[in-house]
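Asker: give the three-dimensional model of this entry:
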Amino acid sequence: MLEPINISLESLNLMTLSPMLIPVIGALLIIIIDIIKGGLDKTLYVALSLLFLFMDFNALLASATTFAEDGTIMGVFDMMLIDGIAILGQLIIVGASMLFIPLALTHKRFHEFSYPEFFALFLFMLAGFQFMVATDSLILIFVGLETASLALYTLIAMHNRDKSFEAAVKYFTMGALAAGFYSFGSMVFYALTGSVEINQIASVLAANGYADMGYVLVATAFMLGALGFKVSLVPFHTWAPDVYEGASASMAGFMSIVPKIAVFVVAMRIFEFLIHSGVVWLEIVLYIVVVVTMTMANIWALVQTDVKRMLAYSSISHAGFVMAAILIGTTQSNSALFLYWVLFSFTNLGAFSMLWISRQKHLPDHQRSDHSYDKFAGMIKTAPVGAVIMGLFMLSLAGLPPFALFWGKLYIISSAVTGGYTILALIMALNSAIAGYYYFKLIVYMFMKEPVIGTDGHMYVSNATLALKSIIGFAAVGTIFAIIVLDPVLEFITAFVYNSGY
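Answerer: From the prediction side, this is the model:
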């Protein structure tokens with residue numbers, strides 16, 4: 001007769017689950033409130049969502065304090081892994097979400113925000129992303145990834161336009177393919193090592209001297225395909241521009257930030273031990289993917305006639321830029337990755353929010369898309385404050401000093417030079433110069449062209465609620481004055497990355 005196994009609650013360390021459980025509890029509470037009393041104003045759900053996000057953020061800060069004192073924390077049969085990059089990833093995920101949720105306080109014609117289910121799905125999605133970054137178990141990463149993705153597909157479709165349904169279907173199809181790739185790659189790693197924990201996989205492969213190199217390369221190729229789909233690396237990017245165009249502008253901005261940082265953390269855990277092990281094939285392929293993603297996305301962005309699609313290709317290029325940090329694989333480059341993404345979050349969410357407030361329900365005859373360049377022509381005359389703020393975001397995305405993203409690009413390029421990737425650093429600098437063209441193109445339209453008069457005789461002027469203005473103003477302030485807090489933020493990030501062993 002088998003002896004019963006006694007497991008103490010202390011050994012499970014259930015507190016490692018608290019940051020993920022908070023949004024789950026919030027989502028369930030919203031659903032229960034809607035069942036008991038339907039038809040309540042959306043401001044209640046916005047307030048509840050923000051409340052649980054604040055609680056989640058505080059729980060993460062508490063985890064950060066514990067990590068600073070005790071080091072890496074394991075929990076729940078060692079499935080949960082709370083290390084420096086898990087905490088940094090979750091802080092960015094929750095922080096960017098706290099900027100996104102108030103965008104729901106907009107005009108009633110944007111009906112998706114009137115559904116309580118929107119906020120419940122949003123919180124479930126956040127919990128999925130948090131599970132992804134706070135574990136090194138391939139199974140739990142997959143569960144978190146699919147939980148988040150299924151919620152995100154629905155949130156895109158809730159925009160309820162023809163292009164929104166098309167976008168959701170495309171994203172679902174590509175996501176299903178990526179899930180298949182991930183499952184197959186995980187299966188091969190498990191067959192090789194008998195483990196689904198990334199650290200254990202790394203140890204077993206190193207102990208075997210990478211004897212089964214062919215199988216390692218197959219597993220790595222499938223993992224690269226799966227994660228490449230999620231962060232829209234070329235050639236796995238084809239869904240991104242169409243999905244961004246079909247989603248609401250605010251959701252597109254959110255998608256360009258939060259899902260990608262979760263996948264970057266997973267990519268950091270999986271690829272960096274392979275790069276450091278001397279798998280030359282992976283380094284070469286990743287090098288090519290990074291360079292092609294940065295360059296081709298910039299070239300495609302140059303020929304776009306729609307500002308939202310331009311920003312979609314821009315986001316693909318930025319993803320390639322950040323993947324370069326994972327390729328370099330040093331503590332400096334990984335710290336630069338998180339710094340870059342924090343600064344990018346302010347700037348890109350601000351830019352997409354400017355598209356959100358200028359959205360039209362019915363397009364005039366002369367306008368081919370909701371966010372064509374002509375719509376922004378002469379904006380300095382019709383909405384001078386909006387033109388200046390949008391111009392500010394474009395200058396930051398272009399990487400001009402002293403705006404936020406300049407410092408992020410500077411640190412990543414510096415880490416490339418320090419890590420011995422001088423040619424890569426040169427390519428990154430050239431791509432930043434190319435990107436400047438299409439960002440300045442929008443500035444030229446806003447400041448140097450005459451406004452386009454609509455068929456109704458009125459010029460299109462941006463408008464926004466107080467909440468939207470506050471969020472955009474906060475993003476603008478962060479973009480301008482990032483240099484003031486740059487050193488303490490970078491020290492904080494570097495301490496957490498270094499103590500995680502990355």
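Asker: would you tell me what the next helix or strand after the helix ranked longest in the chain is?
Answerer: The longest helix of the chain (DSSP state H) is helix 162-193. Using DSSP states H and E, the next helix or strand after helix 162-193 towards the C-terminus is helix 198-207.
Asker: so residue 245 sits against residue 313, correct?
Answerer: No. The criterion here is Cβ atoms under 8 Å, and residue 245 misses it with residue 313 at 11.0 Å. Backbone N, C-alpha and C define where each C-beta goes, glycine included.
Asker: the two: who's more crowded?
Answerer: Each of residue 245 and residue 313 has its neighbours counted (other Cβ atoms under 10 Å); residue 313 has more, 25 against 20.
Asker: where in the chain is pLDDT low?
Answerer: Scanning the chain for pLDDT under 70 picks out 1-13, 106-114, 159-162, 358-370, 452-467, 500-502.
Asker: contact partners for the residue lying closest to residue 291 once chain neighbours are set aside?
Answerer: Of all residues beyond its chain neighbours, the one nearest residue 291 is residue 427 (5.6 Å), with distances taken as Cβ to Cβ, 6 or more residues apart in numbering. By Cβ atoms under 8 Å, 6 or more residues apart in numbering, the residues touching residue 427 are 291, 294-295.
Asker: can you pick the most crowded of the residues you listed?
Answerer: Ranked by the number of neighbours (other Cβ under 10 Å), the contacts of residue 427 place residue 294 first, at 28 neighbours.
Asker: tell me the contacts of it?
Answerer: With contacts defined as Cβ under 8 Å, 6+ apart, the neighbours of residue 294 are 317, 320-321, 324, 427-428, 431.
Asker: Serialize the contacts of residue 427 to CSV and add fields for secondary structure and distance to residue 332.
Answerer: Shown next, in CSV, are those (DSSP: H, G, I helix; E, B strand; the rest coil; distance: Cβ to Cβ, whole Å):
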residue, secondary structure, distance to residue 332
291, helix, 20
294, helix, 20
295, helix, 24
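Asker: let's see stretch 272-281 as PDB, backbone CA atoms only.
Answerer: Backbone C-alpha positions of stretch 272-281 (Å, rounded to 0.1, in the frame of the first residue of the first chain) are rendered in PDB as follows:
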ATOM      1  CA  GLU A 272      19.000  32.700 -24.500                       C
ATOM      2  CA  PHE A 273      20.200  29.500 -22.900                       C
ATOM      3  CA  LEU A 274      20.400  28.100 -26.500                       C
ATOM      4  CA  ILE A 275      22.300  31.100 -27.800                       C
ATOM      5  CA  HIS A 276      24.800  30.900 -24.800                       C
ATOM      6  CA  SER A 277      25.200  27.200 -25.400                       C
ATOM      7  CA  GLY A 278      26.900  27.900 -28.800                       C
ATOM      8  CA  VAL A 279      24.100  26.700 -31.000                       C
ATOM      9  CA  VAL A 280      25.400  28.700 -34.000                       C
ATOM     10  CA  TRP A 281      22.400  27.800 -36.200                       C
END
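Asker: which residues are contacting it?
Answerer: Residues from elsewhere that reach stretch 272-281 (Cβ under 8 Å, 6+ apart): 198, 202, 205-206, 210, 213, 216-217, 220, 282-283, 286, 326-327, 329, 334, 502.
Asker: chain center to it: distance?
Answerer: Centroid separation for stretch 272-281 versus its chain: 25 Å, with Cα atoms, centre = their mean, to the nearest Å.
Asker: which parts of it are buried?
Answerer: Applying a neighbour-count criterion of 16 or more other Cβ atoms under 10 Å, the buried positions in stretch 272-281 are 272-275, 279.
Asker: just checking, which of those belong to helices?
Answerer: Those of those lying in helices (DSSP H): 272-275.
Asker: columns distance to residue 186 on top of these, output as JSON lines?
Answerer: What follows is those, written out as JSON lines (distance: Cβ to Cβ, whole Å):
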{"residue": "272", "distance to residue 186": "17"}
{"residue": "273", "distance to residue 186": "15"}
{"residue": "274", "distance to residue 186": "14"}
{"residue": "275", "distance to residue 186": "19"}
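Asker: for residue 487, state which of these is nearest.
Answerer: Nearest to residue 487, judged by Cβ to Cβ, of those is residue 272 at 25.6 Å.
Asker: ok and the one helix or strand residue 220 maps to relative to helix 162-193, angle-wise?
Answerer: Per DSSP H and E: residue 220 is located in helix 213-231. Per axes from the mean of the first three to the mean of the last three Cα atoms, to 10 degrees, the angle that helix 213-231 makes with helix 162-193 is 160 degrees.
Asker: other SSEs contacting helix 213-231?
Answerer: helix 162-193, helix 258-276, helix 280-302 (3 or more Cβ pairs under 8 Å, 6 or more residues apart in numbering; DSSP states H and E).
Asker: need the strands for the chain, in chain order.
Answerer: Assigned strands in the chain, in chain order: 73-75, 80-82 (criterion: DSSP state E).
Asker: tell me which of those strands sits nearest to residue 46.
Answerer: Closest approach to residue 46 among the strands of the chain (Cβ to Cβ): strand 80-82, 29.2 Å.
Asker: just give the number of residues close to the residue lying closest to residue 499 once chain neighbours are set aside.
Answerer: Nearest non-adjacent residue to residue 499, counting by Cβ to Cβ, 6+ apart: residue 84, 5.2 Å away. By the criterion of other Cβ under 10 Å, residue 84 has 26 neighbours.
Asker: check contacts around residue 449.
Answerer: 377-378.
Asker: same question but for residue 446, I mixed them up
Answerer: With contacts defined as Cβ under 8 Å, 6+ apart, residue 446 is in contact with 376-380, 387, 390-391.
Asker: of these, grab the buried ones for ChimeraX.
Answerer: Filtering the contacts of residue 446 down to the buried ones (16+ other Cβ under 10 Å) takes a single ChimeraX command:
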select :376,377,378,379,380,387,390,391
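Asker: restricted to helices, list the contacts of residue 446.
Answerer: 379-380, 387, 390-391.
Asker: in a markdown table, list those residues along with distance to residue 259.
Answerer: Shown next, in a markdown table, are the ones in helices among the contacts of residue 446 (distance: Cβ to Cβ, whole Å):
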| residue | distance to residue 259 |
| --- | --- |
| 379 | 30 |
| 380 | 34 |
| 387 | 30 |
| 390 | 24 |
| 391 | 28 |
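Asker: can you count the residues close to residue 35?
Answerer: For residue 35, the neighbour count with other Cβ under 10 Å is 9.
Asker: do you know how far it is from residue 16?
Answerer: Separation of residue 35 from residue 16 (Cβ to Cβ, to the nearest Å): 31 Å.
Asker: same question for residue 248.
Answerer: Remark: distance between residue 248 and residue 16 (Cβ to Cβ) = 34 Å.
Asker: neighbour count winner among these two?
Answerer: In this view residue 248 and residue 16 are compared by other Cβ under 10 Å, and residue 248 has more residues nearby, 25 against 21.
Asker: which one (most neighbours) among the contacts of residue 294?
Answerer: Among those, the one with the most neighbours (other Cβ under 10 Å) is residue 324, at 28 neighbours.
Asker: how about it, nearest residue that isn't a chain neighbour?
Answerer: The shortest distance from residue 324 to any non-neighbouring residue, by Cβ to Cβ, 6+ apart, is to residue 290 (4.8 Å).
Asker: try residue 313
Answerer: Nearest one to residue 313, counting by Cβ to Cβ, 6+ apart, is residue 301 at 3.7 Å.
Asker: tell me, how many residues neighbour the one you found?
Answerer: Residue 301 is flanked by 24 other residues according to other Cβ under 10 Å.
Asker: then residue 65?
Answerer: 11.
Asker: give the contact list for the residue sitting nearest the centre point of the chain.
Answerer: Nearest to the mean C-alpha position of the chain, by Cα atoms, centre = their mean, lies residue 257 at 2.5 Å. Counting by Cβ under 8 Å, 6+ apart, residue 257 makes contact with 92, 96, 341, 344-345, 348-349.
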